[in-house]
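Trainee: sequence first, predicted model second:
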Number of protein chains: 4
Amino acid sequence: MRSLPSEPTRIERALLLWLEHEPPAADRNALLSAHPDLCDLLEPMLAGPGRIGDADRMQPTPDPDWSIRVRDSFARQPFMALLSASIARLEPGVCELVAPFRKELGQQHGFFHAGVVGTLADDACGYAAYSLMAATSSILTVEYKLNLLAPAQGPRLRALATVVRSGRTLTVCRADVFVGEPGNERICAAAQATLIQLADTSDQPR
Amino acid sequence: MRSLPSEPTRIERALLLWLEHEPPAADRNALLSAHPDLCDLLEPMLAGPGRIGDADRMQPTPDPDWSIRVRDSFARQPFMALLSASIARLEPGVCELVAPFRKELGQQHGFFHAGVVGTLADDACGYAAYSLMAATSSILTVEYKLNLLAPAQGPRLRALATVVRSGRTLTVCRADVFVGEPGNERICAAAQATLIQLADTSDQPR
Amino acid sequence: MRSLPSEPTRIERALLLWLEHEPPAADRNALLSAHPDLCDLLEPMLAGPGRIGDADRMQPTPDPDWSIRVRDSFARQPFMALLSASIARLEPGVCELVAPFRKELGQQHGFFHAGVVGTLADDACGYAAYSLMAATSSILTVEYKLNLLAPAQGPRLRALATVVRSGRTLTVCRADVFVGEPGNERICAAAQATLIQLADTSDQPR
Amino acid sequence: MRSLPSEPTRIERALLLWLEHEPPAADRNALLSAHPDLCDLLEPMLAGPGRIGDADRMQPTPDPDWSIRVRDSFARQPFMALLSASIARLEPGVCELVAPFRKELGQQHGFFHAGVVGTLADDACGYAAYSLMAATSSILTVEYKLNLLAPAQGPRLRALATVVRSGRTLTVCRADVFVGEPGNERICAAAQATLIQLADTSDQPR
């Protein structure tokens, strides 16, 4: 067994943070049993007080066709087409959208307009949330909040949203927005959003 | 002198709220002396405790050419052109933007996309704030938060932003967003935003 | 009829903003007919495009005992007692709370802690919203957002909250927070909050 | 080399999310070289487009005595003492605060008041940010936003804040708030906050 250094490294701290923030107990246990050396390394830190127990935040989606439903709704948003945005990744509780830069999406300095950044973040949050909702539901944004962290200057915007908590009525998501070339990006915005499930409501125009 | 009804009417309450929320002492006094009957009416309510004294929130802009500077910056935002947005009103600390509906700005139900609503609110806040900034400054959004209050369904979106507090570095604004035909609108969103003044920075692309 | 000055004064602008932001059409008409000189003054500005029609945002509360219900709920919040907070004003859709400074409520510079400012703003929003809810409902905060505008330094904090929109499930409020002595205050924070009505739920501890 | 299952497991997805969200390139590489089996597992997913390159969000604090400075500032906040709050963890860019439940911190249902939840989240964000600031600086909250995710019912509140981006003037943090007994908690709130560094300003009362 590897001995723990007196001061945890940044890797260990980061991994620990992840263990506390993200995975349900089952995943955590699976991770630790699959990686015994990781376990040895983290054990002393995991034993202490203040550790998360079993916050299973993400419920499985009740709709087997969730992916079709989400992609279909996205395809019916003309504003996403106007931004040339597309879905880069879609998983239960996770949605990633990307949009290439073009001059029309800029503000006065030639960066992506804050409104484009907010739109991509909001929409990614919406579909991350919608992926976990009922087959017969529709979704609307209740509110969103966006911090711009750096000028959104670069060839592509990428918004990665994850569900923080999915409730019967309300779902809360966070999104990080990155700018740059694939493989060479930096974070440019951080968002938090509240979405509402409209039960038994068509997601189509009335 | 008109006697005050035992229970203030909604008009009086609303006017009182306005007196407390908005105008600096000078304006309040001018209003009251120009309208003695209003004064009689409000006096008893104004005398009580808990009344605002002289919150002069809005400083005059230090730049005589503020209006040209703001309109010029707006004109250099290609994303505003993509939305066909235009400035409907511009005063020191106040900016109103409008954008007509077209199919490309919609979400899956055919309403204005929440991202368009947020963009208009953010941009109106930005230029309300920028109107009070220095001639040689530029401006960036630090963060904004938007509550969607009703489906943004209608022929035109209008965002009316006012400065809540203008500081040397940071300015905080609020915006209300309305949807409908001119003269027949309803509120559809409420925003609050923080803007930062970049001193001695060009507002043009680098 | 008084002629309109070529450039509207700040009073007129402020009043106009108020007319557009706040009152339902009925109140606006009542105000204008009660004050014909005001009407003359504002008429030319009211005639133009972009004026709000009849945004009747505030519905009358369906509960005749709303005031007792709100005060009773407030009295059951031990944290308000710990802050020595009290209700200074309560109207349908409006709630004002005050709290005196004492050392225990301070942060490291001796100002009111941002958490106290946020608490008062959140609670005022909650009771402004709750005043319009059903007799058999309870209320919870969904989210709130607070901008600190100036150091909250002074003998008393006052949070004035008004309902922006009251819906069946969700209500959105804004609050301004002032600090100072009664009659000599300045704004120190601005908040926006979302509240949820829990239908047919006791507001008492379970 | 272990072959990657056709569909990534939730562990792998979570770890991948972590790799993209959190660590700078150096940490990621160190993690992967220390855990070759992890590497084998993740490689195929890491190779694709849309992966983050080297977002080194966290700079080392320029102040060797940062920990003393932070703890000293915290100790000078009487409101934290009123809440019986204490620092449970402190690292560069990370701050965790805990507060035990007592009746005085409750709202009408006997849960932690939303204001207490917000206070703990705001303060944890503040000290996570302050840990990375200059020795001669002070700090103020610009704004914070809090989503309440579940009733804050339990014996202890724990707010875990991490810096998302630390800039020269502004720092943005996120906090998760948990409630329950140590080892058996659930998430009850999620916050995002903006803090400002006041350069060459005493953190003591004036």
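Mentor: Yep, it's here.
Trainee: make it CA atoms for all contacts and neighbour counts henceforth
Mentor: Noted.
Trainee: what sits against residue A:91?
Mentor: A:67, A:128, A:131 (Cα atoms under 8 Å, 6 or more residues apart in numbering or on different chains).
Trainee: where does chain A dip in pLDDT?
Mentor: Residues of chain A that meet the criterion pLDDT under 70 lie in A:1-61, A:206.
Trainee: quick one: the helices in it?
Mentor: Counting by DSSP state H, chain A has helices at residues A:10-21, A:25-34, A:36-47, A:66-75, A:78-82, A:114-130.
Trainee: which other helices and strands contact the shortest one?
Mentor: Translated: helix A:78-82. Of the remaining helices and strands, none touches helix A:78-82 by 3 or more Cα pairs under 8 Å, 6 or more residues apart in numbering or on different chains; DSSP states H and E.
Trainee: ditto for the last one
Mentor: Taking 3+ Cα pairs under 8 Å, 6+ apart as the contact definition, the neighbouring helices and strands of helix A:114-130 are helix A:66-75, strand A:94-100, strand A:138-148, strand A:156-166, strand A:170-181, strand A:184-198, helix B:114-130.
Trainee: okay, angle between the longest one and helix A:114-130 too, please.
Mentor: Spelled out, that is helix B:114-130. Helix B:114-130 and helix A:114-130 are oriented at 150 degrees to each other (axes from the mean of the first three to the mean of the last three Cα atoms, to 10 degrees).
Trainee: ok, the first one next?
Mentor: Helix A:66-75 runs at 150 degrees relative to helix A:114-130, counting by the same axes, to 10 degrees.
Trainee: domain parsing for chain A?
Mentor: Domain ranges of chain A: A:1-56, A:66-198, per automatic domain parsing.
Trainee: tabulate the ones you listed (CSV), appending distance to residue D:192.
Mentor: Listed next are those as CSV, based on distance: least, Cα to Cα, whole Å:
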stretch, distance to residue D:192
domain A:1-56, 15
domain A:66-198, 7
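Trainee: and the ones you listed, which is most packed in?
Mentor: Of all these, domain A:66-198 has the most neighbours on average by mean count of other Cα atoms under 10 Å in any protein chain shown, namely a mean of 23.
Trainee: start to end distance for that one?
Mentor: Distance across domain A:66-198, first residue to last, is 16 Å (Cα to Cα, to the nearest Å).
Trainee: who in chain A is up against chain B?
Mentor: Residues of chain A lying near chain B by Cα under 8 Å from any Cα of the partner chain: A:73-74, A:76-79, A:81-82, A:103-110, A:113-116, A:118-120, A:122-123, A:141-149, A:203-206.
Trainee: how about the contacts made by the closest residue to residue A:174 other than its chain neighbours?
Mentor: Sequence neighbours aside, residue A:192 is the residue nearest to residue A:174 in space, at 4.4 Å (criterion: Cα to Cα, 6 or more residues apart in numbering or on different chains). By Cα under 8 Å, 6+ apart, residue A:192 lies in contact with A:144-146, A:172-175, D:192.
Trainee: let's see 10 Å
Mentor: A:121-122, A:125, A:143-147, A:161-164, A:172-176, B:145, D:145-147, D:174, D:190-192 (Cα atoms under 10 Å, 6 or more residues apart in numbering or on different chains).
Trainee: isn't residue A:120 up against residue B:113?
Mentor: No - at 11.0 Å, residue A:120 does not count as touching residue B:113 under the criterion of Cα atoms under 10 Å.
Trainee: okay, and the common contacts of these two?
Mentor: Counting by Cα under 10 Å, 6+ apart, the residues touching both residue A:120 and residue B:113 are residue A:80.
Trainee: to residue D:96, which of the helices and strands packed on helix A:114-130 lies closest?
Mentor: If you check each of the helices and strands packed on helix A:114-130 against residue D:96 by Cα to Cα, strand A:156-166 wins as the nearest, at 18.8 Å.
Trainee: right, quick check: that closest one against chain C, any contact?
Mentor: No - against chain C, strand A:156-166 shows no contacts by Cα under 10 Å from any Cα of the partner chain, the least distance being 12.5 Å.
Trainee: that strand vs strand D:184-198, what angle?
Mentor: With the same axes, to 10 degrees applied, the angle from strand A:156-166 to strand D:184-198 works out at 140 degrees.
Trainee: partner strands of strand A:156-166 and their direction?
Mentor: If you go by DSSP bridges, strand A:156-166 pairs up with strand A:94-100 (antiparallel), strand A:170-181 (antiparallel).
Trainee: now distance to residue A:196 too, for those strands, in CSV please.
Mentor: Formatted as CSV, these follow (distance: least, Cα to Cα, whole Å):
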stretch, distance to residue A:196
strand A:94-100, 17
strand A:170-181, 5
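Trainee: among those strands, which comes closest to residue D:97?
Mentor: Residue D:97 lies closest to strand A:170-181 among the strands paired with strand A:156-166, at 21.7 Å (Cα to Cα).
Trainee: the closest one vs strand D:138-148, what angle?
Mentor: Angle, strand A:170-181 to strand D:138-148, by the same axes, to 10 degrees: 130 degrees.
Trainee: could I get the phi/psi values of residue A:183?
Mentor: Torsion angles at residue A:183 (phi, psi; degrees, to the nearest 10) stand at phi 90, psi -10.
Trainee: give me the beta-bridge partners of residue A:180?
Mentor: Under the criterion used (DSSP bridges), residue A:180 bridges to residue A:185.
Trainee: ok, it to residue D:80 distance?
Mentor: For residue A:180 relative to residue D:80 (Cα to Cα), the value is 41 Å.
Trainee: before we move on, what about residue A:125?
Mentor: Residue A:125 sits 34 Å away from residue D:80, taking Cα to Cα as the criterion.
Trainee: now swap in residue A:150 and tell me
Mentor: Going from residue A:150 to residue D:80 by Cα to Cα gives 32 Å.
Trainee: same check, this time on residue A:73
Mentor: 47 Å.
Trainee: can you check residue A:80 too?
Mentor: 46 Å.
Trainee: same question, residue A:173
Mentor: 29 Å.
Trainee: with residue A:194 instead?
Mentor: Using Cα to Cα, residue A:194 is found at 29 Å from residue D:80.
Trainee: so who does residue A:100 touch?
Mentor: Here residue A:100 is in contact with A:83-86, A:112, A:154-158, A:179-181 (Cα under 10 Å, 6+ apart).
Trainee: near chain C, which residues of chain A are found?
Mentor: Residues of chain A found near chain C (Cα under 10 Å from any Cα) are A:142-143, A:145, A:169-170, A:172, A:193-194.
Trainee: can you pick out the most distant pair from these?
Mentor: Across the residues of chain A next to chain C (Cα to Cα), the longest gap, 19.3 Å, separates A:145 and A:169.
Trainee: isn't residue A:148 right up against residue A:116?
Mentor: No - between residue A:148 and residue A:116 there is no contact under Cα under 10 Å: 11.5 Å.
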